[in-house]
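[1] okay, sequence plus prediction incoming.
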Number of protein chains: 2
Amino acid sequence: MFVTLLEVARVMTDRSLPMPAADDIRLPDLVKAVSDQNRLRIVMALADGEFHYIVELPGLDVQKSTLSHHLRTLRESGFTETQFDGRTCQIRLRVSELDARFPGFVDAVTSPSAQASVELSLAE
Amino acid sequence: MFVTLLEVARVMTDRSLPMPAADDIRLPDLVKAVSDQNRLRIVMALADGEFHYIVELPGLDVQKSTLSHHLRTLRESGFTETQFDGRTCQIRLRVSELDARFPGFVDAVTSPSAQASVELSLAE
DNA sequence: CCAATAGTGTGACGAACATCGAACTAGCGG
DNA sequence: CCGCTAGTTCGATGTTCGTCACACTATTGG
């Protein structure tokens, strides 16, 4: 019935940025999103499906505006959900939604052999 | 012992174009290869792992030099094997090698739901 | 041997995109 | 209230890349 001030405050601070509904996620968008190595590495780092502070993401060696661009691309493709938490923000892979829509895709892309081959590509 | 003329002729005509060894296939290359919609559709059309004449590929509405470029990209990424057969050529998805290296990846990318979402992207 | 056919390779062009810096916005702590 | 910090947005820039036309190679059939 009544919305408490605390709940209002929570809605205000824990905002979620716009992302496609689960049914609107399309494979071409996902594939394009991880066709960039930096974004692929981010997806791998989020494989556990938990929320992560973006400060803790693997060192990508890009400016913050570039990182913001990548996170937006991942979010708009349907890969991730981004939540504000005060001044910083958290991000998670939408594992269950993705797996329901394209079974096996996330697993394949975040598998150990996949990660190993990315490390190789980085090294050269 | 002896190589018959027929066998020689076969070797000469059934040339295979260069592609990476199974162990050298890297996920970033695969993902980048299917980040183009035309190439993604080709991969889907080859999902059965059999050799296909490239004339029978789905209508891509591109010039032959462009198609050749796409087929080269797919081949060099490790997705496909291309064999010359006289004046024309055949192509197949390297399903077993890909599945051994990145389990589930090909299945996920060629699944019915994946194909459906590509059709949707095409329609708009 | 010659014409037709199938595909490859190259160079050019335009669009898409990753990147950066700078300006802006919002929360947090004195 | 004021600076500091964390991210977003915008415009510019350079690069990557999909596309095409054209030239070239190789195979087949008369």
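    Cool, got the structure. Numbering: from 1, shown residues only, chains lettered A, B, ... in the order given.
[2] who does the residue sitting nearest the centre point of chain A bridge with?
    Residue closest to the mean C-alpha point of chain A, counted by Cα atoms, centre = their mean, is A:Thr80 at 3.1 Å. Per DSSP bridges, the residues bridged to A:Thr80 are A:Leu93.
[3] now the longest helix along chain A: average pLDDT?
    The residue-count maximum for a helix in chain A (DSSP state H) belongs to helix A:64-77. Confidence for helix A:64-77, expressed as mean pLDDT, is 98.
[4] off-centre distance for it?
    The chain centre lies 9 Å from the centre of helix A:64-77; the measure is Cα atoms, centre = their mean, to the nearest Å.
[5] near DNA strand D at all, it?
    Yes - for helix A:64-77, a contact with DNA strand D is found by Cβ under 7 Å from any atom of the strand, at A:Lys64, A:Ser65, A:Leu67, A:Ser68, A:His69, A:Leu71, A:Arg72. Glycine gets a C-beta too; all of them are placed from N, C-alpha and C.
[6] quick revisit: who are the neighbours in contact with the residue nearest to the centre of chain A?
    Residues in contact with A:Thr80, defined by Cβ atoms under 8 Å, 6 or more residues apart in numbering or on different chains, are A:Met19, A:Val43, A:Leu46, A:Leu71, A:Leu74, A:Ile91, A:Arg92, A:Leu93, A:Arg94.
[7] most neighbours, which of the residues you listed?
    Taking other Cβ atoms under 10 Å in any protein chain shown as the neighbour criterion, A:Leu74 ranks highest of these with 26 neighbours.
[8] check contacts around it.
    Neighbour list for A:Leu74: A:Ala33, A:Arg39, A:Ile42, A:Val43, A:Thr80, A:Ile91 [criterion: Cβ under 8 Å, 6+ apart].
[9] what about those residues, which are in helices?
    Per DSSP H, the subset of these in helices is A:Ala33, A:Arg39, A:Ile42, A:Val43.
[10] just among those residues, which is most surrounded?
    That'd be A:Ile42 among those, by other Cβ under 10 Å, with 26 neighbours.
[11] returning to that earlier point: quick one: the residue nearest to the centre of chain A from B:Ala116, how far?
    23 Å (Cβ to Cβ, to the nearest Å).
[12] repeat for A:Pro103
    13 Å.
[13] now the helices for chain A?
    Applying DSSP H to chain A gives helices spanning A:5-13, A:27-33, A:37-45, A:64-77, A:95-101, A:105-110, A:112-123.
[14] what does stretch A:40-52 contact?
    Contacts of stretch A:40-52 (Cβ under 8 Å, 6+ apart): A:33-34, A:57-58, A:60, A:70-71, A:74, A:79-80, A:83, A:90-93, A:95-96, A:106, A:109-110, A:114-115, A:118, B:27-28, B:31.
[15] does it come close to DNA strand D?
    No - between stretch A:40-52 and DNA strand D, judged by Cβ under 7 Å from any atom of the strand, nothing touches; the nearest distance is 10.2 Å.
[16] shaky segments in chain A?
    A:1-14 (pLDDT under 70).
[17] write out the residues of it neighbouring DNA strand D.
    A:17, A:53-55, A:64-65, A:67-69, A:71-72, A:82, A:87-89.
[18] return the member of these nearest to B:Leu122.
    A:Arg72 (24.7 Å; Cβ to Cβ).
[19] how many residues are close by the closest one?
    A:Arg72: 15 neighbours (other Cβ under 10 Å).
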